[in-house]
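Asks: Give me a 3D structure for the following:
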Amino acid sequence: MPTALWIAHVDVTDAEAYGRYATGAGPAIAAHGGVFLARGGRYVQLEGNERARNVVARFPSLEAAVACYHSPDYQAALAHAKGASVRDLMVVEELGD
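Replies: Below is the predicted model:
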């Protein structure tokens, strides 16, 4: 089964509230097998809409990533991000071997 990438592009509008989101989201992502590959590091915007924060996590499968998003722990964390950020989030399946 192919792994999947959780890709988020974020503009944080309330750093304190977004920090509470990050504190809860990290453990929820890890509990579903997610591993961060990039989180807020340097980037170069080549096309499209720029967001100041970019996050990529790898999950064991697309289904695991979607289950994480819908899990009670992640949803509790996400409540802090709503109103504290403008976000685009997608999950994309990686190419199989």
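Asks: Can you list the residue ranges for helices in the protein?
Replies: Ranges of helices in the chain, per DSSP state H, are 15-31, 62-70, 72-81.
Asks: Residues contacting the last one, please?
Replies: Going back to what we said before, that points to helix 72-81. Applying Cβ atoms under 8 Å, 6 or more residues apart in numbering, the external contacts of helix 72-81 come out as 17-18, 20-25, 27-29, 31, 68, 87. C-beta here means a position set from N, CA and C on the backbone, and glycine is covered the same way.
Asks: how about the helices of the chain in CSV, adding mean neighbour count and distance to residue 53?
Replies: Output for the helices of the chain, formatted as CSV (neighbours: other Cβ atoms under 10 Å; distance: least, Cβ to Cβ, whole Å):
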stretch, mean neighbour count, distance to residue 53
helix 15-31, 16, 9
helix 62-70, 17, 18
helix 72-81, 16, 11
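Asks: Quick one: closest of these to residue 3.
Replies: Evaluated over these, closeness to residue 3 peaks at helix 62-70, with 8.5 Å, by Cβ to Cβ.
Asks: mean confidence score for the closest one?
Replies: Averaging pLDDT along helix 62-70 gives 98.
Asks: That helix - contacts with which helices or strands?
Replies: Applying 3 or more Cβ pairs under 8 Å, 6 or more residues apart in numbering; DSSP states H and E, we find helix 62-70 packed against strand 4-12, helix 15-31, strand 53-59, strand 85-93.
Asks: ok, and for the shortest one, which residues are buried?
Replies: Taking 16 or more other Cβ atoms under 10 Å as the basis for neighbour counts, the residues of strand 53-59 that come out buried are 53-55, 57, 59.
Asks: Check the gap between residue 59 and residue 85 for me.
Replies: With the distance defined as Cβ to Cβ, to the nearest Å, residue 59 ends up 21 Å from residue 85.
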